[in-house]
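1. fold the following, please.
(one chain, ligands or ions: 1)
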Amino acid sequence: MELKKISKAFDILAKAYDLISYTMSLGITIYWRKKLIDESINKITPNTKYIIDLCSGTGDIAIGIIKKSQNTNINIIAFDASFGMLKILKQKSKNINNIFPILGDISQMPFKNKSFQISTMSFGARSLFEGEKDFKEYLKEIYRTSSNLINLETSHPKNPIIRILYYSYLYLIIIILGSIFFPHYNKEYYKTIMNFPNQEKLTNILKEIGYKHVVAKSLLWGTAAIHIAHE
Ligand SMILES: C[S@@+](CC[C@H](N)C(=O)[O-])C[C@H]1O[C@@H](n2cnc3c(N)ncnc32)[C@H](O)[C@@H]1O
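-> Numbers count the residues shown, from 1 in each chain. Model (predicted):
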């Protein structure tokens with residue numbers, strides 16, 4: 001899907017995004033984001049100064065890292081293509097002065113090579129996936145700006161019974177309920193989840209890009225995974 005269409009869809013969704021995301025996942029995505037935040041905190045050292053949160057949206061990851069980290073010198077760039085989502089982030093982080101929202105496209109980021117010690121991304125990678133070739137171009141740009149990526153994304157359970165249950169749940173929640181609450185984007189949203197590579201495939205893609213060490217941590221029977229990739 002074209003970036004203009006994606007950012008417009010998220011602009012429309014922005015005010016209701018958190019509520020939709022938390023309730024439709026029965027709160028599970030809150031727990032998964034906490035896991036990503038904890039993994040990021042583990043990577044922070046006293047020398048860590050700059051982190052970029054990609055597809056930052058309404059900012060739960062950036063805000064969570066700042067709140068939990070002992071390192072008070074950290075600055076987080078919250079990077080996203082949707083002005084509406086970043087506006088909500090700005091409201092949610094009004095008492096935090098080291099989160100900097102930047103509007104832009106991940107395919108062309110205005111940062112020097114290896115500007116960031118850590119990059120994080122949650123539920124953003126699947127928006128970047130429209131076939132492996134284009135996805136790799138996005139990942140190359142992410143790798144150019146930081147050698148450490150911690151990525152949370154939906155995945156595909158291996159167990160066939162769980163897979164059928166999970167896909168049925170997604171269909172019910174996104175296609176049926178989503179047609180009431182966000183009809184302008186529900187079908188595309190569903191497609192991004194279904195088309196995204198499974199965790200083994202994503203591990204291989206990250207290695208092909210240049211990350212030498214990639215560890216995938218499976219969440220809830222493989223319905224999602226956190227990939228920790230570094231040089
Ligand atoms: C599903 S939301 C995820 C938001 C947040 N990280 C979370 O955990 O809920 C995906 C976000 O990715 C952003 N996005 C999609 N494609 C992008 C791109 N090419 N460059 C920058 N942001 C993009 C959208 O604007 C949207 O805010």
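2. contacts only, for the residue in the chain that the ligand sits nearest to.
-> Distances between the chain and the ligand by Cβ to the nearest ligand atom are smallest at residue 57, namely 2.5 Å. C-beta: built from backbone N, CA, C; applies to glycine. Contacts of residue 57 were listed using Cβ atoms under 8 Å, 6 or more residues apart in numbering, and they are 10, 17, 80, 82, 85, 89, 123, 124.
3. same check on residue 33?
-> Applying Cβ under 8 Å, 6+ apart, the residues contacting residue 33 are 60, 61, 64, 122, 152.
4. likewise for residue 225?
-> Contacts of residue 225 (Cβ under 8 Å, 6+ apart): 152, 153, 155, 199, 202, 216, 217, 218, 219.
5. can you check residue 188 too?
-> Shown in contact with residue 188 (Cβ under 8 Å, 6+ apart): 1, 9.
6. quick one: is the host helix or strand of it near the ligand?
-> Residue 188 belongs to helix 186-195 when elements are defined using DSSP states H and E. No - if you take Cβ under 6 Å from any ligand atom as the test, helix 186-195 misses the ligand, and the best it gets is 7.9 Å.
7. and that helix, C-alpha only, in PDB?
-> Extracted C-alpha coordinates of helix 186-195, given in PDB (Å, rounded to 0.1, in the frame of the first residue of the first chain):
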ATOM      1  CA  ASN A 186      -9.600  -3.000   8.200                       C
ATOM      2  CA  LYS A 187      -9.000  -5.200   5.100                       C
ATOM      3  CA  GLU A 188      -5.500  -3.800   4.500                       C
ATOM      4  CA  TYR A 189      -4.700  -4.200   8.200                       C
ATOM      5  CA  TYR A 190      -5.700  -7.900   8.000                       C
ATOM      6  CA  LYS A 191      -3.700  -8.400   4.800                       C
ATOM      7  CA  THR A 192      -0.500  -6.900   6.400                       C
ATOM      8  CA  ILE A 193      -0.700  -9.500   9.200                       C
ATOM      9  CA  MET A 194      -1.500 -12.400   6.900                       C
ATOM     10  CA  ASN A 195       1.200 -11.600   4.400                       C
END
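8. buried ones in it?
-> 186, 189, 190, 192, 193 (16 or more other Cβ atoms under 10 Å).
9. chain center to that helix, what's the gap?
-> 15 Å (Cα atoms, centre = their mean, to the nearest Å).
10. pull the longest helix from this protein.
-> The single longest helix within the chain, with elements called by DSSP state H, is helix 3-24.
11. what's that helix in contact with?
-> By Cβ under 8 Å, 6+ apart, helix 3-24 touches 29-30, 57-58, 60, 80-85, 87-88, 105, 107, 123, 127, 173-174, 177-178, 181-182, 184-185, 188.
12. apply 6 Å and report the result again.
-> Here helix 3-24 makes contact (Cβ atoms under 6 Å, 6 or more residues apart in numbering) with 29-30, 58, 81-82, 84-85, 88, 105, 127, 173, 182, 184-185.
13. state the pair within the contacts of residue 57 that is farthest apart.
-> 89 and 123 (14.4 Å; Cβ to Cβ).
14. and residue 131, how many residues sit next to it?
-> Per other Cβ atoms under 10 Å, the neighbour tally for residue 131 reads 8.
15. got the residues of the protein near the ligand?
-> So the chain meets the ligand at 3, 6-7, 10, 21, 33, 55-57, 60-61, 80-82, 85, 105-107, 122-124, 127-128 (Cβ under 6 Å from any ligand atom).
16. of those residues, select the buried ones using a PyMOL command.
-> Burial among the residues of the chain next to the ligand is assessed by 16+ other Cβ under 10 Å; the matching PyMOL selection reads:
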select buried, resi 6+7+10+21+33+55+56+57+60+61+80+81+82+85+105+106+122+123+124+127+128
